[in-house]
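What follows is a predicted protein model with its sequence.
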Amino acid sequence: MSKQPKEEGDLYTVIDSISTIECGKEAAQHFYFDDGWRNLNHGSYGTLPREVGAVARYFHEQSERRPDWFIRYESRLRNDEARAAIAQLINAPVDSVVFVPNATTELTLFLIYQPGDVIIHFSSVFDSCHKTIEYLVETTPVQAHGIRCDYPITDADLVARFEEAIQSIRASGKSPKLAIFDTVVSLPGVRVPFEILTGLCRRHGIFSVLDAAHSVGHISLDLTTLDPDFFVLNCHKWLFARRGCAVMYVAARNHPLMRSSLPTSNGFVPQTSKIAKPTTGSANANFITLFEFVGTIDKSPYLAVPAALKWRSKVVFKHLKGEDAVRAYCFSLAREGGDRVASILDTEVLDNEQGTLRQCAFANSRSKLHEPLFFRPLTLVREYNTFMPIFMYVGEMWVRLSAQIYLTIEDFEWAGRALREVSERHTIRPWHPSKS
């Protein structure tokens, strides 16, 4: 069990004492997993090392020991330090980066819509984002335009459909106002040519909103070069932060559009107000202040982000270290592991001819399961001590597996055998909710 720091001076002592962390079985020893549990679904909820969890608990306890001192003063200083750390990782201006609880929390706040405005999205958009779009269509004048994309699809085809949608909307006399798309799709877990789509939005004068929940800690990011309008990412998925911890990047040119946080914070200043707006010496202080103090949200997940980055800097794989090592190991394991699972199941992996869909840490292998989806994952949890998302996609059953530094190829081989065994069974033991 990792020692929890008692004083500020030894906040990172345990992490600093670690020389290196080898990917695989050595890395697994740093996580909280129960004996026998195989965490093959990291992409859904993420998890964190014990050493990072100890730092998060320290900050949480500080808020209970001296609540006013910590919440009113100390946490704000720590929040700025954490923003600076994550901004450096994603190469973004620190004054354009704020913490929020979840990647989808602020999606309803970006713009005010007029009749004739249209939101463009792909059919692969995450369900909660799609629900947000439906909510906006129901409560504002905006309309939605969905683009059908059934994977495997080439990047060129996806981009062409995007441009066709823009032309079609304008030909109908409407205005494509905003486009929302992924960096990495959730189901199926595939890489999106988001760099090209962002550039097209800029060229056509459309606001780009990237649902980047599966980005930081997963794929390389350079937001200064990418230059999106809005970019929201989860740190608690692939970066090893505590749940829930997300970051919202808003380009400086769009700061005036961000009128409120959700819920509205004390930093909100009505446009008609004669009260002087708060300033910290930064030209973007109003944007930062909006999200600096939002109710009594527990900030300990945000404040422990520097600890997560420091821990990740210790990870090694071959000649690589830090973020490069994490990425290389996970990408390699996802490719080799996905192939191995498909071989055991006598099926195939999901990819296009160019191989671009698999440039991430997800592997999607076709499954031969046929019975109701509800029972299969329960069988895996109850009888195999694991979970793997099993889903119907374009008429076929697929399983998504997440590669991570605490897994090995043996875990994927075990997953393939477990899936084959479950698919070959004729009956499944009835499940009844626990009465405890």
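Received the coordinates, thanks.

Settle this for me: E134 is touching Q143, isn't it.
No. Assessed by CB atoms under 8 Å, E134 is found out of contact with Q143, at 11.2 Å. C-beta: built from backbone N, CA, C; applies to glycine.

Looking at the two, which is more packed in?
Neighbour count, other CB atoms under 10 Å: between E134 and Q143, Q143 has more, with 18 against 11.

how far away is that one from S123?
16 Å (CB to CB, to the nearest Å).

for A304, same thing?
36 Å.

Pull out the buried positions in the longest helix anywhere in the chain.
The residue-count maximum for a helix in the chain (DSSP state H) belongs to helix 323-345. By 16 or more other CB atoms under 10 Å, the buried positions in helix 323-345 come out as 323, 325-327, 329-335, 337-342, 344-345.

Send me that helix as CSV with only the CA atoms.
Extracted C-alpha coordinates of helix 323-345, given in CSV (Å, rounded to 0.1, in the frame of the first residue of the first chain):
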residue,chain,number,x,y,z
GLU,A,323,4.8,9.6,-22.4
ASP,A,324,6.7,8.1,-25.4
ALA,A,325,7.1,4.8,-23.5
VAL,A,326,3.4,4.7,-22.5
ARG,A,327,2.2,5.4,-26.0
ALA,A,328,4.6,2.9,-27.7
TYR,A,329,3.8,0.1,-25.4
CYS,A,330,0.1,0.6,-25.5
PHE,A,331,-0.1,0.9,-29.3
SER,A,332,2.1,-2.2,-29.8
LEU,A,333,0.1,-4.2,-27.3
ALA,A,334,-3.2,-3.2,-28.8
ARG,A,335,-2.1,-4.3,-32.3
GLU,A,336,-0.5,-7.5,-31.2
GLY,A,337,-3.2,-8.3,-28.6
GLY,A,338,-6.0,-7.5,-31.0
ASP,A,339,-4.5,-9.8,-33.6
ARG,A,340,-4.1,-12.6,-31.1
VAL,A,341,-7.7,-12.4,-29.8
ALA,A,342,-9.0,-12.4,-33.4
SER,A,343,-6.8,-15.5,-34.2
ILE,A,344,-8.1,-17.3,-31.1
LEU,A,345,-11.7,-16.5,-32.1
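
How far off centre is that helix?
What separates the centre of helix 323-345 from the centre of its chain is 19 Å, taken as CA atoms, centre = their mean, to the nearest Å.

Report the angle between whichever helix or strand comes after it and helix 323-345.
Per DSSP states H and E, helix 323-345 leads on to strand 362-367 as the next helix or strand towards the C-terminus. Strand 362-367 and helix 323-345 are oriented at 0 degrees to each other (axes from the mean of the first three to the mean of the last three CA atoms, to 10 degrees).

where in the stretch 101-250 of the chain is pLDDT low?
105-106, 108-109 (pLDDT under 70).

for it, what spans make up the strands?
Taking DSSP state E, counting those that start in this stretch as the criterion, the stretch 101-250 of the chain contains strands spanning 117-122, 143-147, 175-182, 207-212, 230-234, 246-250.

Minimum distance to H30: which of those strands has it?
strand 230-234 (20.6 Å; CB to CB).

What are the contacting residues of that closest one?
46, 90, 100, 102-104, 106-107, 110, 207-216, 221, 223, 244-251, 254 (CB atoms under 8 Å, 6 or more residues apart in numbering).

do that again at 7 Å, thanks
102-103, 106, 110, 207, 209-213, 215-216, 223, 246-250, 254 (CB atoms under 7 Å, 6 or more residues apart in numbering).

what does stretch 307-317 give?
Counting by CB under 7 Å, 6+ apart, 12, 15, 18, 20-23, 27, 48-49, 51-52, 55, 85, 89, 239-241, 321-323, 325-326, 328-329, 405 sit against stretch 307-317.
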